[in-house]
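[1] sequence unknown, structure follows:
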């Protein structure tokens, strides 16, 4: 199967293109773009360094605020953040901050370690559970301060969703793994195939390390509890296959994607780009309630994907084990529910069937942390302002704590950075 359709959307900027774009920047004082960046990268400074052809200095500026600058340059919703705040955006085209950041970071690749100063050994040890963006950010920031950090990752490869769950046209696997190598270059030890609850328990880590940081993300896609669900493909696994095994994927002619978040849009993109003749996204609410970013919605519409709003799947038709259709009912919206969105309810007698030979679900992820014995809010791990959980010395960040606000890679990176500062303060108290 040809996977060229999943190569990065935008080609890298040439040196000339980067110079031209960098020189458009006004280098604002107290720049709105910098405030809009969750990691507060000094954007005018790194762009100015590109304009003076100092790419190494530009990358250093980015890494000072965000150790996963190459990933965030690709996957951040820049339209909603830095570029959305650019003062040139009101009457002109905003500066292409994301592409300039990628230009600077790719110039150093995983050699960024050589630009990051590391303190001498502190004698303190920290365990990080989960090698996604929050865990890698926390581990790297702690290593910079001289602490010995061990990261425990349950999968074969580190990087979390950056490696497995972000579609290739936004971030190739090589970019994520390059940043893992950079973090390891700071002295961080990454142990893969080590799962919390299977290979060790939290009490083990508490006994062996001075502090623990949990960046365990979210769990599997929940069951929809409809007949025939055994023939429905998991959206995260669908994206993972498109990155790690595109040649081995079976793409249906008529693909139905259940859900309307960013993951669902990525699944629809995979299907379109890998050869599906028709792709239909099915959502029980309306476009106004979608959790996907607006620019992602516009993107997937331009890909030719159809939408069936106010539609609820109730049965997968799979005679002889071969999917032929998806029985659905029409919905209407009532009063707002706990999420603040109007709750959908079935319209009696409105059943109909969507013809499809492949169904993919991307309807959120479970929160599988009850066994940890930590305080939770709305199913997420509760933390205080210092990212400490209800257990002293155990901290957490990333998607597993995102009970409020939008979960994103850049927010996870910032969580890891802030948690590292709090952990450093805690484990060095009274040391001097």
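    Noted; the coordinates are in hand. None of the values given here were measured: they were computed from a predicted structure.
[2] give me the mean pLDDT for the helix or strand in which residue 71 is found.
    Secondary structure assigned from DSSP states H and E places residue 71 in helix 69-75. Averaging pLDDT along helix 69-75 yields 96.
[3] how far out from the middle of the chain is that helix?
    Centroid separation for helix 69-75 versus its chain: 10 Å, with Cα atoms, centre = their mean, to the nearest Å.
[4] show me what it is packed up against.
    Helix 69-75 sits against helix 55-65, helix 97-108, helix 173-185, helix 409-427, with contacts defined as 3 or more Cβ pairs under 8 Å, 6 or more residues apart in numbering; DSSP states H and E. C-beta here means a position set from N, CA and C on the backbone, and glycine is covered the same way.
[5] try it again with 10 Å
    For helix 69-75, the elements it packs on are helix 55-65, helix 97-108, helix 133-144, helix 161-164, helix 173-185, helix 409-427, judged by 3 or more Cβ pairs under 10 Å, 6 or more residues apart in numbering; DSSP states H and E.
[6] give the pairing partners of the biggest strand by length in the chain; include direction for each.
    In the chain, taking DSSP state E as the definition, the longest strand is strand 325-336. With DSSP bridges as the test, strand 325-336 is paired with strand 311-317 (antiparallel), strand 342-346 (antiparallel), strand 352-355 (antiparallel).
[7] redo the helices and strands packed on helix 69-75 as CSV? Include distance to residue 372 and mean pLDDT.
    Below are the helices and strands packed on helix 69-75 laid out as CSV (distance: least, Cβ to Cβ, whole Å; pLDDT from 0 to 100):
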stretch, distance to residue 372, mean pLDDT
helix 55-65, 31, 96
helix 97-108, 35, 96
helix 133-144, 16, 98
helix 161-164, 20, 96
helix 173-185, 25, 95
helix 409-427, 17, 97
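[8] looking at the ones you listed, which is closest to residue 199?
    Taking Cβ to Cβ as the criterion, helix 133-144 is the member of the helices and strands packed on helix 69-75 that comes nearest to residue 199, at 16.1 Å.
[9] mind checking how far the helix or strand following the closest one is from the chain centre?
    Per DSSP H and E, the first helix or strand lying C-terminal to helix 133-144 is strand 148-152. Averaged C-alpha coordinates place strand 148-152 at 21 Å from its chain's average position (Cα atoms, centre = their mean).
[10] which elements pack onto strand 148-152?
    Applying 3+ Cβ pairs under 10 Å, 6+ apart, we find strand 148-152 packed against strand 125-129, helix 133-144, helix 173-185, strand 189-191, helix 202-208, strand 211-214.
[11] that one to helix 173-185, inter-axis angle?
    150 degrees (axes from the mean of the first three to the mean of the last three Cα atoms, to 10 degrees).
[12] each with direction, which strands does strand 148-152 pair with?
    Note on strand 148-152: by DSSP bridges, its sheet partners are strand 125-129 (parallel), strand 189-191 (parallel).
[13] what lies in contact with the last one?
    What that stands for is strand 189-191. 127-128, 131, 135-136, 139, 143, 148-153, 157-159, 180-181, 183-184, 199-200 (Cβ atoms under 10 Å, 6 or more residues apart in numbering).
[14] again, 7 Å this time
    Under the contact criterion Cβ atoms under 7 Å, 6 or more residues apart in numbering, strand 189-191 has outside partners 131, 149-153, 158, 180, 184.
[15] give me the buried positions along it.
    Residues of strand 189-191 classed as buried under the neighbour-count rule (16 or more other Cβ atoms under 10 Å) are residue 190.
[16] relative to the whole chain's centre, how far out is it?
    21 Å.
[17] I'd like the numbering to begin with 42 instead of 1 from here.
    Yep, numbering from 42; the last one is strand 230-232 now.
[18] quick one: mean pLDDT for it?
    98.
[19] the closest residue to residue 148 other than its chain neighbours: how many residues sit nearby?
    Nearest residue to residue 148, sequence neighbours excluded (Cβ to Cβ, 6 or more residues apart in numbering): residue 96, at 4.1 Å. Using other Cβ atoms under 10 Å, residue 96 has 19 neighbouring residues.
[20] also the one 4 residues further on?
    The number of residues packed around residue 100, counting by other Cβ under 10 Å, is 26.
[21] pretty sure it sits against residue 145.
    Yes - Residue 100 is in contact with residue 145 according to Cβ atoms under 7 Å; the separation is 4.7 Å.
[22] quick check, nearest of the contacts of strand 230-232 to residue 74?
    residue 221 (27.8 Å).
[23] rewinding a little: which of the contacts of strand 230-232 count as buried?
    Buried members of these, scored by 16+ other Cβ under 10 Å, are 172, 190-194, 199, 221, 225.
[24] so which of the residues you listed is the closest to residue 84?
    Within the buried ones among the contacts of strand 230-232, the smallest distance to residue 84 is 25.1 Å, found for residue 221 (Cβ to Cβ).
[25] what about the nearest residue to that closest one once chain neighbours are set aside, which helix or strand?
    With sequence-adjacent residues excluded and distances taken as Cβ to Cβ, 6+ apart, residue 221 is closest to residue 199, at 4.5 Å. For residue 199, there is no host helix or strand (DSSP H and E).
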